[in-house]
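> give the three-dimensional model of this entry:
(2 chains)
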2 protein chains.
Amino acid sequence: MLNPVTPDFEAQLRAVLPAAAFRPAEPKYFEDPRGRVKGVEGLVVAPASVEEVAVLVKACNAARIGIVPYSGGTGLVLGQIQTEGPAPVTLSLERMNAIRAVYPVENMMVAEAGAILADVHAAAHAVDRLFPLSLASEGSCRIGGNLSTNAGGVNVLRYGNARELCLGLEAVLPDGTIWHGLKRLRKDNTGYDLRNLLIGAEGSLGIITAAALRLFARPERTGTALMVVPDPQAALDLLALAGKLIGDGISAFEMMSGMGQSFLAETVPELRLPFDPIPDWMVLIDLGLARAQDPQAALEDLFVQASEAGLVRDGMIAQSEAQRQDFWAVRETIPTGNKRVGSISSHDISIPRSDIPAFIPEGIEKLKELGDFRVNCFGHLGDGNLHYNVFPAKGKTRADYPDMPKRVAACVHDLVHRYNGSVSAEHGVGRLKVADLDHYQDPAKHAAMRTIKLALDPNGIMNPGAVVDVTKG
Amino acid sequence: MLNPVTPDFEAQLRAVLPAAAFRPAEPKYFEDPRGRVKGVEGLVVAPASVEEVAVLVKACNAARIGIVPYSGGTGLVLGQIQTEGPAPVTLSLERMNAIRAVYPVENMMVAEAGAILADVHAAAHAVDRLFPLSLASEGSCRIGGNLSTNAGGVNVLRYGNARELCLGLEAVLPDGTIWHGLKRLRKDNTGYDLRNLLIGAEGSLGIITAAALRLFARPERTGTALMVVPDPQAALDLLALAGKLIGDGISAFEMMSGMGQSFLAETVPELRLPFDPIPDWMVLIDLGLARAQDPQAALEDLFVQASEAGLVRDGMIAQSEAQRQDFWAVRETIPTGNKRVGSISSHDISIPRSDIPAFIPEGIEKLKELGDFRVNCFGHLGDGNLHYNVFPAKGKTRADYPDMPKRVAACVHDLVHRYNGSVSAEHGVGRLKVADLDHYQDPAKHAAMRTIKLALDPNGIMNPGAVVDVTKG
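From the prediction side, this is the model:
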């Protein structure tokens, strides 16, 4: 059992950590970004170095006090706020935000966990390199949180998830020892993959304090197109054709539904939609090519060949950087439209890619058995990652469906499970999906996770209740 | 403590497993491929299904009998043979060699652990896809071993190590439970990364029985060149220039030393060497491009620009597939030349890429303090992975250096450690490098590895003595 933070414990910490490490307990540390959940308030500490983190973790471990790691606070699954239990220490990484070093020749950078993702991008850009992790919250999320949740985003198709962009870590383990693992090596087969065990563990096995990150040659020429496709199967076929014609240069391949576009028309009238009337399905294709390749010509060629094959019905190729931004705005404003309509339940799922054309309508049919809904399905088709969000019927609001959120989620997740998919593709488990894991996860993996958690964190101080709740079961 | 296999135990197994699972104890199961080490002989069992593997593991766990997983038997660090201790069960995956399914639309395949790597290649080729893992032993190594050792090879630069090519596993854990984790998902953030924990664990945490593997669009046009560079720094600069001009299409970038070429001239006279006189350094560049790109033109452009920048002095671009094979033969025959000269000590190391130009000569200087040697340094420059092999001076043989192998290895590995490199870049730890890990590895990681091993395999039955030797320390 864990103990709550007490004034005595705070005094004990103040004796070993500098005054600047103690932060006012502002509400942001205890609220989820959707503003729906309020967490248990405790002591907020923001160490300035890995040594200070180690001091803090050692003290908490000795006193059996929980630690909730807090990065950018943008997570959507309650990983960064403790929803019940004794008052914890909230460990904010905000003061460890340095870019420690950049190695252009190696395509490598070492950043502290608190570095804001946009600042990591800027540091890469400054040496003519690319750090490709890209997601909506990049202006405020921090790289430590991105790694702890194995963040995804729009460039996974080409560059991989956060874990594929990290070659080494510095971290503090639950007993307060420091792991100096900031290797800048592409190949290193010296024992168990502790790096990937901490990545995606959402702070439940230790605190990531710094990371060696992979950089990439900056694509010198970019191109962006919107193409109208008859259905999701055609979108998949279009992606395969693009791979054949253009190779690895496809940076993003995003699918959008007519429902999402109609939400935008309804709630964000100042946004100009690209096609009139709104098509049932369209995709956004983004290319990043080397100097010798012409993205404009590549997209035109793709459009011509795809038209001949009946895969596309209409399309637009951006003719300027401003138009490119406009195309992306159509994709990136979808969450705003969703928020304004107000979802009953949102789902971050992935499905084996070839099953997507069957899954999407099957889900809509299943939901009809529960009631009258609108479904906005959109997302990273190239990764099989869909945001499958369920909304009230036209003229109704979320308040009209008081008992539905859990039933809707169960309906969607059951179907995902039947398709051998994932009920958390890129957002993680946090505290919101612990019960889903208990329900859907393979029992052998589930048992192994508990064993690992209990072995590395026997007192259960690291992000209590997140991912694997060892206080239960 | 473990128990030896006994006739009673064998009888017990024969009662629950089919007769076909029991194999004659041929010498190959107990010898390393270099023919220098002989392992402890035991019972050889080759199950035909994951259920049979589970039955075997459960029985061994109950009886405290060690299991040595045996895949293709090509490993170079004694991971597949037990060098001391009570007679174990050798668990061969040779009968689980099916390609279970291929999903071209998803760029995915499910293969059993015993599938030979070349057969995996062929199955991908049959649907016009590429499985990019490529190494010298691909005609006999098996994918389960490739994953268990996180194999590298020549295409890591572009496609990553074995772990980056695997999206899901089926495995039997040390208690005999089956983990059904054959997800075909690019994004799946549901808890700890058990997949990557088993990959690279060399069978010490469980038995991989099948894997979901990533496939790639087959590059439609290929090009290969050999270029003479003045030194390793120029080779690195050439790689950076190639990235700018050609983008992601560089599949391999291999560096070869003049010493290696002179070994070939001496020991493989039938091989025609490309340049006369032998240059100090050269690189092999391999491109795989999409339909719309011209590899010949790209290589010519690269050569012209690199010449102007003083990065290359001479070069040849393959004009036919036969010539392409000839170029590759120069690279792939290097190990044969090495074997015929007879190394004193071979090292599979990686170094942060920007430190390579300093490391190579510094190592040669350090070795001079020990005696008179020849060093053949070659390998996967793009990955910072060098094979830094030390040979007798001209006119001498390995027998003239009886006390040197350990001292040479320590000299090279100490320097690698000082450069924050890895003493096992792609071959793994096995039993050969357990002491190196004890010596060089970060103490916090080392302790975490022991904790994980003891938690998941409390009886120590999985590949006893490999990677983490919990019987000691």
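
> can you report how many residues lie near the closest residue to residue A:231 other than its chain neighbours?
Leaving aside its chain neighbours, residue A:231 sits nearest to residue A:281 (6.1 Å; criterion: Cβ to Cβ, 6 or more residues apart in numbering or on different chains). All C-beta atoms are positioned from the backbone trio N, CA, C, and that covers glycine. When neighbours are counted by other Cβ atoms under 10 Å in any protein chain shown, residue A:281 registers 23.

> how close does residue A:281 sit to chain B?
Plainly put, residue A:281 is 17 Å away from chain B if you go by Cβ to the nearest Cβ, to the nearest Å.

> residues contacting that residue?
Residues near residue A:281 by Cβ atoms under 8 Å, 6 or more residues apart in numbering or on different chains: A:228-232, A:234-235, A:255-258.

> write a PyMOL command that selects only the buried members of these.
Selection of buried members from the contacts of residue A:281 for PyMOL, criterion 16 or more other Cβ atoms under 10 Å in any protein chain shown:
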select buried, chain A and resi 228+229+232+234+235+255+256+257+258
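
> buried residues, stretch A:327-341. List them.
A:327-328, A:330-331, A:333-334, A:337-338, A:341.

> equivalent analysis for stretch A:114-122, please.
A:114-117, A:119-121.

> between those, which is nearest chain B?
residue A:117 (17.1 Å; Cβ to the nearest Cβ).

> that older thread, any idea what the residue nearest to residue A:231 is bridged to?
residue A:229, residue A:257 (DSSP bridges).

> returning to that earlier point: what would the buried residues of stretch A:114-122 look like in a markdown table with distance to residue A:420, secondary structure and pLDDT?
Output for the buried residues of stretch A:114-122, formatted as a markdown table (distance: Cβ to Cβ, whole Å; DSSP: H, G, I helix; E, B strand; the rest coil; pLDDT from 0 to 100):
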| residue | distance to residue A:420 | secondary structure | pLDDT |
| --- | --- | --- | --- |
| A:114 | 37 | coil | 98 |
| A:115 | 36 | coil | 98 |
| A:116 | 36 | strand | 98 |
| A:117 | 31 | helix | 98 |
| A:119 | 38 | helix | 98 |
| A:120 | 34 | helix | 98 |
| A:121 | 35 | helix | 98 |
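
> redo those residues as JSON lines? Include distance to residue A:349.
Output for the buried residues of stretch A:114-122, formatted as JSON lines (distance: Cβ to Cβ, whole Å):
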{"residue": "A:114", "distance to residue A:349": "30"}
{"residue": "A:115", "distance to residue A:349": "30"}
{"residue": "A:116", "distance to residue A:349": "28"}
{"residue": "A:117", "distance to residue A:349": "24"}
{"residue": "A:119", "distance to residue A:349": "31"}
{"residue": "A:120", "distance to residue A:349": "28"}
{"residue": "A:121", "distance to residue A:349": "28"}
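
> hmm, the helix or strand of chain A with the lowest mean pLDDT touching chain B?
The helix or strand of chain A with the poorest confidence is strand A:216-217; it has a mean of 90 (mean pLDDT, DSSP states H and E). Yes. Applying Cβ under 8 Å from any Cβ of the partner chain, one finds strand A:216-217 touching chain B at residue A:217.
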